[in-house]
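Asks: structure here, sequence nowhere to be found:
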């Protein structure tokens, strides 16, 4: 995994986009590590946040479209998300709609939220916009927190 992370760091913004796309889907990956490394070597924090947010949103929307397909056997097999978890998330999301995609950045439940919204056929534009906003806020917060921690060490 370290070799892949280093390769993505070497690819700069594109590598960050790819790492965030992977992390936004169901693949466990740390796009934050790539982002911090790139900012440390002098790449623009704003462009890094944008690349990470776009990639992570696209990854999250892959979960949405898997739900939209409605193939629970695929979701259980490839995404490792149990049908019960999706159904529970759907019940929770009932009546709340696409704006709940804002919380797709949350660990452990983010994928289930995106998949459930796909099953529910939530508005794609609102889902994408809400998901983008949540992930943007997450990356900004993460970068500020990590930069603050790094400056405290030095």
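Replies: Sure thing, it's come through. None of these values were measured; they are calculated from a predicted model.
Asks: switch to C-alpha atoms for all contacts and neighbour counts from now on
Replies: Noted.
Asks: confidence score at the spatially most central residue of the chain?
Replies: The geometric centre of the chain, computed from its C-alpha atoms, lies nearest to residue 24 (Cα atoms, centre = their mean), at 2.9 Å. In this prediction, residue 24 carries a pLDDT score of 89.
Asks: check contacts around it.
Replies: 55, 56, 57, 58, 59, 60, 105, 111 (Cα atoms under 8 Å, 6 or more residues apart in numbering).
Asks: which strands and helices sit next to the lengthiest helix in the chain?
Replies: Counting by DSSP state H, the longest helix found in the chain is helix 124-153. Applying 3 or more Cα pairs under 8 Å, 6 or more residues apart in numbering; DSSP states H and E, we find helix 124-153 packed against helix 31-40, helix 45-69.
Asks: could you list the low-pLDDT ranges of the chain?
Replies: Where the chain drops to pLDDT under 70, the residues are 1, 149-154.
Asks: can you rerun that using 80?
Replies: Regions of the chain meeting the criterion pLDDT under 80 cover residues 1-2, 26-28, 71-83, 85-87, 89-90, 94-95, 97, 108, 146-154.
Asks: related to what we said a few turns ago, just say which of the helices and strands packed on helix 124-153 is most tucked in.
Replies: helix 45-69 (a mean of 23; mean count of other Cα atoms under 10 Å).
Asks: now the element after that helix, going C-ward?
Replies: Tracing the chain C-terminally past helix 45-69 and defining elements by DSSP states H and E, one meets helix 72-74 next.
Asks: give me the contact list for that next one.
Replies: residue 83.
Asks: likewise for stretch 39-51?
Replies: Residues contacting stretch 39-51 (Cα under 8 Å, 6+ apart): 13, 14, 16, 17, 35, 38, 136, 139, 140, 143.
Asks: buried subset of those residues, written for PyMOL?
Replies: Buried residues within these, by 16 or more other Cα atoms under 10 Å, are selected in PyMOL with:
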select buried, resi 13+14+16+17+35+38+136+139+140+143
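Asks: re the thing from before, got the helices and strands packed on helix 124-153 as TSV, with distance to residue 2 columns?
Replies: Putting the helices and strands packed on helix 124-153 into TSV (distance: least, Cα to Cα, whole Å) gives the following:
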stretch	distance to residue 2
helix 31-40	11
helix 45-69	19
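Asks: which one of the ones you listed lies closest to residue 99?
Replies: Closest of the helices and strands packed on helix 124-153 to residue 99 is helix 45-69, at 13.3 Å (criterion: Cα to Cα).
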